[in-house]
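# show me how the following folds:
(chains A and B)
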Amino acid sequence: MNSQVIFKNKLLPVLLILPQILITLVFFIWPAFEALWQSFFIEDPMGFHQHFVGLKNFAALFASHAYLYSIVMTLVFSVCVTVLTMAGGLLFSVLVNRVTRGQKLYMLLLMWPYAVAPAVAGILLRFMFDPAIGIAPYLLRHVGIHWDYHVSAYQALLLIILVAVWQQTSYSFLFYLAALQGVPDSLHEAAAMDGANAWQRFWHVTFPLLSPTTFFLVVMNMLYAFFDTFGIIQIVTQGGPANATQTLVYKVYNDGFVGLDFGSSAAQSVILMLVIVGLMVIQFRVIEKRVHY
Amino acid sequence: MKRVCFGLLLALGLFQGALAQRVTIHFWNAMGGSLATTLNGLIAQFEQQYPQYHIVNDYKGDYPTLLTSLVAAYRAGHPPAIAQVYEIGTALMMSERQAIVPVQTLMTQAGYPLTPNTFLPAIGYYYASRQGQLMSLPFNSSSPVMYVNRAEFKRAGLTLADIPRTWPEVKSIGLRLQAAGVHCAITTAWPAWIQLEELSAWHNVPYASADNGFASFDVKALYDNPMVIHHVAFLAQLERQHLFEYGGQGDSAESLFTSGQCAMMLESSGARGGIEHNVGFPVSVAMMPYWPNVKGAPQNTIIGGASLWVVRGQSKAVYQGVATFFHFLLEPKTQLEFQRQTGYLPLTHAGFAYAKKLGYYRDTPGAIVAVRELTNKAPTAYSRGIRLGNFPQIRVVNNTALESVFSGQATAAQALHRAARQADVLLNRFSEMTQ
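Just a heads-up that it's a prediction; the model follows:
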């Protein structure tokens, strides 16, 4: 069976993909080149004088303690968010998949957080965890924990991880649930007849069958943690305290739009692009080999 | 029917014609909440008095957002006529000479001559160029003051006479408050501004080289000196004794005071209106404490807040309108109303004299405190202001440094030395950017 569609007209396929190509060019490729270009210059905010400095912007970044810290912090944050959301999503989806009554209701409730706008989620948790007026610090005081994420770097990091995980778990849940429903019952029955218990059946039958979904979710959650958590950070911590929650993306914004240092901000964007490309290459080369489709 | 329609159309056309003759002036500002109400009131008054002008009150968010929007709009070729820029954006605006019209030039050409001497000294010279020309119009000016919760003082058996004047007194009074069960004695809003910048001016200690950046953009940070280090270490010590509570960067510490947890707070005088409206206890305003062992202290405070910059590229009619609007804002009557509603400071000598004559400071004793601080002594090279490039980022660095002290990660000396060197990098970067 030949599933390949062949266009007789050479122009038609080009025309059909043209809108996508245009969008990519205008919104992705062009700005990317603009950033690359700008990263070699130092200029004043209003743009009256611009001078070429070669790789000086990059050298300054790698000499700055704040930037190196931001790299480490972003990696810690992303790994935590990815692992926790996926573990949570898997757990909830397995549980919901076993429920026979009211499954729809559980699904609805578990998917709810994903529909909440990041800004709203941030505000909600900021209220709950505000050291002066929040309910959580009040309760934590009873167990002897002094909660003040304005001061404690760990608590601030913990809080933004919590907000991100609370939001993003729904996403993993949804995909895992769909994947679980695609696992044929016959495999389970066969394994059960061979004497495998529930845990073994899950670990040796179900989980390997979920590997394409797991791989997809690792990629998506990593991307989420890197790029889509800006809103949460802006609302909850503004990168503080002591820049403890300043991710790479937040720093690009902070140096470029608050600091108006376009050269350094552009250089950071370029590095960020390279980091992401690197991450994707590693994930597709190394991890995809272990995925069973 | 046809005739009626025609008549209506004609009337509409005439009406539009009348509207079109009004000169529209875009005024970008960062005045939200109750400040927006005040500003709208002022604009309505102005338009009633000068119906040929229409001021568009464009609220652009907070100060950093406004500055970012201004830069973007200027680059795109659609800047507003007036932009409100916070005091720490002053060096940046002054370095972008090609983008602005100096206010002194604008006002003189429009027939409303003024100089920095029109204003109270600590205000006029803050916004004057090296040549002594007034570059922007001082607008909402404030100075940090100490707010006191009188109910908590009463609970501890303290009176108004016990309000601390010096930092050692803050500690001794704080201990008495603590003994009476007060959760925390003192907190501070805007840590980097109040605890480093204002502290330096208040004690006449240099904050940066080249006369705090007024003489040149080639500047080095000098605030990691023994006086400042000692003060920050003292605050950290108060914190360990639970006398001082750190409430975050910005003004988030305000909730510690308004919720009654902290009995005293250092915060901008501009917040007075909001605080007095929002709390259920009597509030007193007092001068910032000082260190009695520093010679000549207290000196005078420097202003915070923002000024109005006039952007290039507008028509002559618009500039005439801008000048008329500025003239209106500087009328003593307008200034008094602005002070009354917001807690910001009087700007001109005439405005101050007028408010005094009408007994405003007698009826509202809280309002005079900031003026007294500002005019306590004639400003010196180290107390008339601080003009640094990349100042917003330097504030972030300093807030970060203070935070690391208050969270116990670093000592005051370590944190301030590190911060000052980071500031040097930023200052150097700014002089490169503006070359």
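# name the SS class of residue B:215, please.
Three-state call for residue B:215 (DSSP: H, G, I helix; E, B strand; the rest coil): coil.
# my guess is it meets residue B:131, correct?
No. The pair residue B:215 and residue B:131 fails to qualify as a contact (Cβ atoms under 8 Å) at a distance of 12.0 Å. Where you see a C-beta, it was placed from the backbone N, CA and C, and this is true even at glycine.
# so which of those two has more stuff around it?
Legend: neighbour count by other Cβ atoms under 10 Å in any protein chain shown for residue B:215 and residue B:131, higher for residue B:215 (13 against 7).
# how about residues contacting stretch A:91-99?
A:103, A:106-107, A:110, A:169, A:172-174, A:176-177, A:180-181, A:202 (Cβ atoms under 8 Å, 6 or more residues apart in numbering or on different chains).
# chain center to that stretch, what's the gap?
In terms of Cα atoms, centre = their mean, to the nearest Å, the centre of stretch A:91-99 is found 24 Å from the chain centre.
# low pLDDT regions in chain A?
A:1-5, A:290-293 (pLDDT under 70).
# count the residues that sit near the residue of it found nearest chain B.
Residue nearest to chain B within chain A (Cβ to the nearest Cβ): residue A:150, separated by 3.6 Å. Residue A:150: 22 surrounding residues under other Cβ under 10 Å.
# my guess is it contacts residue B:246. True?
Yes. Using Cβ under 8 Å, residue A:150 is in contact with residue B:246, at 6.9 Å.
# common neighbours of those two, please.
Taking Cβ under 8 Å, 6+ apart as the contact criterion, the residues that touch both residue A:150 and residue B:246 are residue B:403.
# which phi and psi does the closest residue to chain A within chain B have?
Residue of chain B nearest chain A, by Cβ to the nearest Cβ: residue B:248 (3.6 Å). The phi/psi pair for residue B:248 (degrees, to the nearest 10) reads phi 100, psi 170.
# run a quick neighbour tally on it.
There are 27 residues near residue B:248, going by other Cβ under 10 Å.
# again with residue B:158
So residue B:158, with other Cβ under 10 Å, has 19 neighbours.
# and what of residue A:54?
Neighbour tally, residue A:54, other Cβ under 10 Å: 9.
# OK, contacts around it?
residue A:40.
# one more: the one 4 residues further on?
With contact taken as Cβ under 8 Å, 6+ apart, residue A:58 is in contact with A:39, A:267, A:270-271.
# so which of these wins on neighbours?
Most neighbours among these, by other Cβ under 10 Å: residue A:267, with 29 neighbours.
# return the residues in contact with that one.
Taking Cβ under 8 Å, 6+ apart, we find residue A:267 in contact with A:39, A:57-58, A:61.
# who's in contact with residue A:15?
Neighbour list for residue A:15: empty [criterion: Cβ under 8 Å, 6+ apart].
# typo on my end, it should be residue B:68
Residue B:68 neighbours (Cβ under 8 Å, 6+ apart): A:257-258, A:260.
# about what we covered before: for residue A:131, see how far away the residue of chain A closest to chain B is.
Distance of residue A:150 to residue A:131, given as Cβ to Cβ, to the nearest Å: 6 Å.
# now swap in residue B:431 and tell me
Going from residue B:431 to residue A:131 by Cβ to Cβ gives 40 Å.
# more neighbours: which of those two?
Using other Cβ under 10 Å, the more surrounded residue of residue B:431 and residue A:131 is residue A:131, with 25 against 15.
# find the nearest non-adjacent residue to the more buried one, please.
In this structure, residue A:131 finds its nearest non-sequential neighbour in residue A:148, 4.2 Å apart by Cβ to Cβ, 6 or more residues apart in numbering or on different chains.
# need the three-state assignment for that neighbour.
Using three-state DSSP, the structure places residue A:148 in coil.
# where along chain A do the strands fall?
Here chain A has its strands, by DSSP state E, at A:41-43, A:50-52.
# still on that earlier bit, tell me which of the contacts of stretch A:91-99 fall in helices.
Among the contacts of stretch A:91-99, the members falling in helices (DSSP state H) are A:103, A:106-107, A:110, A:169, A:172-174, A:176-177, A:180-181.
# phi, psi of the residue most central in space within chain B?
Central residue of chain B (Cα atoms, centre = their mean): residue B:305, 1.6 Å from the mean position. The phi/psi pair for residue B:305 (degrees, to the nearest 10) reads phi 100, psi -140.
# contacting residues around it?
Residue B:305 sits next to B:86-87, B:139-142, B:268, B:270, B:344 when contact means Cβ under 8 Å, 6+ apart.
# same thing but at 7 Å, please
By Cβ atoms under 7 Å, 6 or more residues apart in numbering or on different chains, the contact set of residue B:305 is B:87, B:140-142, B:270, B:344.
# turn the ones in helices among the contacts of stretch A:91-99 into TSV, including distance to residue B:422 and neighbour count.
Formatted as TSV, the ones in helices among the contacts of stretch A:91-99 follow (distance: Cβ to Cβ, whole Å; neighbours: other Cβ atoms under 10 Å in any protein chain shown):
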residue	distance to residue B:422	neighbour count
A:103	55	13
A:106	51	17
A:107	50	18
A:110	45	20
A:169	38	25
A:172	39	30
A:173	43	27
A:174	44	17
A:176	45	24
A:177	49	24
A:180	51	18
A:181	54	9
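# looking at those residues, which is nearest residue B:264?
When those are compared for distance to residue B:264 (Cβ to Cβ), residue A:169 wins out at 43.7 Å.
# what's the closest non-adjacent residue to the closest one?
Excluding its sequence neighbours, the residue lying closest to residue A:169 (Cβ to Cβ, 6+ apart) is residue A:88, at 4.1 Å.
# just give me the neighbour total for that neighbour.
For residue A:88, using other Cβ under 10 Å, the count is 19.
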